[in-house]
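Enquirer: structure here, sequence nowhere to be found:
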């Protein structure tokens, strides 16, 4: 039984992260900048490797919980069959995260198309990015721990275990919160954490292994980790097969971005495959980071699977062509299907309503730009548009402050543009920035016209300036948001760019997924499980040892097979 779970307060039930909320953007930008600076100059994994091995006495509270062997291997090979759940990109909104946790925590799952129920997994593996937007104690508690504790508050021995590899979002506090939760043998709801490092190796039945790798913020694999995996490799025999868990699908990024940046490649995977586990076969690569399901496989049955559907906002499955990857890997299945993904992208036309606070940024930029220019064009009607443009340009050029603000607005949206393609950045970024500058001109002209021509107020009087400023800010809020939404739709659906930015704007909690793996004498079988629409309403169950909340939403869909189970 787990540690005391009694008298727990109601979970926070956090909404999905508002990636375009200016307040969230500011906080995230600071955290990311600091973590990137220190993460690239101070490797926590080295400090972690200096910690002495845990005293075996810490394992005595649970006689069924066997400590790792001297090489750090967690041995599950004695059993004839083992079930493993793989969940990646979890702690975002409550509805999405708890929907997955609820299914993972069930004693058994009845899935259409599967003969018999699927039992709850013996081991739960988190594949990276356990919390969003950045890691800290509060985010871990509210967005990850609370949903999983509510889904499975306690279990009886032999308790299921939990392991995790960190993703970039876990590294944003230098892995402090991750280590506190996953590397200290603490209870995690009804699961017991067992690892002492941010990487691990599990010896599984029938000559299978599961290896979790930590690649810190796109860094190389550090020397202590290399030494660890070399020890593991020496324990393997020819013909052993490996499931390799890494936080990012480098095979996808290499396919899409290598033509723009030679540094984006699969070197870490190639190093593990060719230099460390050279006598064994990595049969399955598992990763998250992209919040959808995609499976690539060779004709020989080797698998590269992206399954980042544990709770974070959905990523598209249409866009850049990833039908074929190096090594003979071809796309076998995507969830959601690309045609559904493309339909979802059109929702960005409602960007104003999906991200209501983003307009604060454009409204302020539009207002400050017009204020800095202060061209006297309020007395000019639409028939004199050429004169209005000439006067505005002449006034701007003669005012360094105006030039600064115009370039700031233009440059800001230029920097926002997809950086991997220099050509797209220059062309699309320029057009996007120009659209905002042009919108600023027409809004400013209209606001000035209302006060000067319609109301007859002299130009630059306090009441004229206040009215114009209010109109510019409000219309800048609305128009700036609409322009952003249109830009994202065009970029993704027509030019295959900005997949992350377009879908983070949607903050879609649906189309979740996780993998349930079975290893027995017949080999490895993978059951890809999807949830098309998660519940938005939950009812307290009143249970003390089962899930605290049950779905109460007729629109929610039951878990289903994304594709037929496949064997390796």
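Expert: Sure, I can see it. Nothing here was measured: the structure is a model prediction, and the numbers come from that model. Numbers count the residues shown, from 1 in each chain.

Enquirer: list phi and psi for residue 174.
Expert: Here is the backbone geometry of residue 174 (degrees, to the nearest 10): phi 60, psi 30.

Enquirer: actually residue 559, sorry about that
Expert: Residue torsions, per degrees, to the nearest 10, at residue 559 are phi -60, psi 150.

Enquirer: roughly how far apart are it and residue 129?
Expert: 22 Å (CB to CB, to the nearest Å). Every residue, glycine included, has its C-beta placed from N, CA and C.

Enquirer: neighbour-wise, which of the two wins?
Expert: Set side by side, residue 559 and residue 129 show more neighbours around residue 129, with 29 against 24, by other CB atoms under 10 Å.

Enquirer: who's in contact with the more buried one?
Expert: 88-90, 167-170, 247, 288-289, 308, 312 (CB atoms under 8 Å, 6 or more residues apart in numbering).

Enquirer: what of residue 142?
Expert: The neighbourhood of residue 142, defined by CB under 8 Å, 6+ apart, consists of 11-12, 14.

Enquirer: check residue 13 too.
Expert: residue 94.

Enquirer: what does residue 413 give?
Expert: Contact partners of residue 413, counting by CB under 8 Å, 6+ apart, are 429, 432-433, 436.

Enquirer: out of everything not next to it in sequence, what's closest to it?
Expert: Across the structure, with CB to CB, 6 or more residues apart in numbering as the measure, the residue nearest residue 413 apart from its sequence neighbours is residue 433 (4.2 Å).

Enquirer: ok, that neighbour touching residue 408?
Expert: No. Assessed by CB atoms under 8 Å, residue 433 is found out of contact with residue 408, at 10.0 Å.

Enquirer: for those two, indicate the residue with more neighbours.
Expert: Comparing residue 433 with residue 408 by neighbour count (other CB under 10 Å), the higher total belongs to residue 433, at 22 against 15.

Enquirer: which stretch of helix or strand covers the more buried one?
Expert: Using DSSP states H and E, residue 433 maps to helix 422-449.

Enquirer: quick one: low-confidence parts of the stretch 1-150 of the chain?
Expert: Low-confidence segments of the stretch 1-150 of the chain (pLDDT under 70): 1-8, 28-66.

Enquirer: so where do the strands sit in it?
Expert: Listed in chain order, the strands of the stretch 1-150 of the chain (DSSP state E, counting those that start in this stretch) span 73-75, 82-87, 108-109, 118-119, 123-126.

Enquirer: export those strands to JSON lines and tack on distance to residue 22 and mean neighbour count?
Expert: Formatted as JSON lines, these follow (distance: least, CB to CB, whole Å; neighbours: other CB atoms under 10 Å):
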{"stretch": "strand 73-75", "distance to residue 22": "44", "mean neighbour count": "17"}
{"stretch": "strand 82-87", "distance to residue 22": "31", "mean neighbour count": "25"}
{"stretch": "strand 108-109", "distance to residue 22": "41", "mean neighbour count": "14"}
{"stretch": "strand 118-119", "distance to residue 22": "44", "mean neighbour count": "17"}
{"stretch": "strand 123-126", "distance to residue 22": "31", "mean neighbour count": "26"}
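
Enquirer: is it possible to get CSV of the contacts of residue 129 that adds distance to residue 301, secondary structure and neighbour count?
Expert: Conversion of the contacts of residue 129 to CSV gives the following (distance: CB to CB, whole Å; DSSP: H, G, I helix; E, B strand; the rest coil; neighbours: other CB atoms under 10 Å):
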residue, distance to residue 301, secondary structure, neighbour count
88, 22, coil, 32
89, 26, coil, 34
90, 29, coil, 30
167, 27, coil, 29
168, 30, coil, 21
169, 32, coil, 27
170, 31, helix, 29
247, 24, coil, 30
288, 22, coil, 31
289, 24, coil, 23
308, 23, coil, 30
312, 29, coil, 32
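
Enquirer: and which of the residues you listed is nearest to residue 268?
Expert: Distances from residue 268 to these, taken as CB to CB, are shortest for residue 247 (10.6 Å).

Enquirer: what's near enough to touch the closest one?
Expert: For residue 247, the residues meeting the contact criterion (CB under 8 Å, 6+ apart) are 88, 127-129, 165-168, 213-215, 287-289.

Enquirer: which non-adjacent residue is nearest it?
Expert: Taking CB to CB, 6+ apart, and ignoring the residues beside it in sequence, residue 247 has residue 128 as its nearest neighbour in space, at 3.2 Å.

Enquirer: am I right that the one you found is in contact with residue 166?
Expert: Yes. With contact taken as CB under 8 Å, residue 128 and residue 166 are classed as touching, separated by 6.2 Å.

Enquirer: for residue 494, grab the count of nearby residues.
Expert: Other residues near residue 494 number 8, with proximity taken as other CB under 10 Å.

Enquirer: show the contacting residues for the residue nearest to residue 413.
Expert: So residue 433 contacts 409-414 (CB under 8 Å, 6+ apart).

Enquirer: what about 10 Å?
Expert: Residues in contact with residue 433 (CB atoms under 10 Å, 6 or more residues apart in numbering) are 406-417.
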